[in-house]
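Participant: how would this look folded up:
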Amino acid sequence: MILYLTSNARVNLLDFLEEEQELPVKKLVGQFSFLSIVVRDMRHFAHVRYVALDRAAMTDSDNELIQALLSYLTIYDMRMVLIANIFH
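Facilitator: Numbers count the residues shown, from 1 in each chain. Next comes the predicted model:
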């Protein structure tokens, strides 16, 4: 399973995985603090194999996001994908 934290703009980005790879995607759409999720909520997603983060959906500053990613990688054995648009 993939946990996908996304903004409205990229909500359907990973739909092909469910159709072609038969890999279920749990989508959470909105604005999120990834640091808060790592501290409070990730234990509820221990069964997840992958986490995909849409940077546009994260309310954390760059430093907070880096801290959250490092904490996440220390605690959990899941693959992480960060989707970011660096061209504005």
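Participant: please make it C-alpha for all contacts and neighbour counts, starting now.
Facilitator: Will do.
Participant: just the strands in this structure please.
Facilitator: 2-6, 25-29, 50-54, 79-83 (DSSP state E).
Participant: can you say which of those is nearest to Ser36?
Facilitator: strand 2-6 (13.0 Å; CA to CA).
Participant: what lies in contact with the closest one?
Facilitator: With contact meaning CA atoms under 8 Å, 6 or more residues apart in numbering, strand 2-6 is reached by 23-32, 45, 48-57.
Participant: may I ask you to name the longest helix in this structure?
Facilitator: The single longest helix within the chain, with elements called by DSSP state H, is helix 62-75.
Participant: returning to that earlier point: using ChimeraX, define a selection of the buried residues within the contacts of strand 2-6.
Facilitator: The buried subset of these, as determined by 16 or more other CA atoms under 10 Å, is captured in ChimeraX by this line:
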select :25,27,28,29,31,32,48,51,52,53,54,55,56,57
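Participant: quick check: end-to-end length of stretch 29-48?
Facilitator: 17 Å (CA to CA, to the nearest Å).
Participant: flag every buried residue along it.
Facilitator: So, applying 16+ other CA under 10 Å, buried residues of stretch 29-48: 29, 31-32, 34-35, 38, 42, 48.
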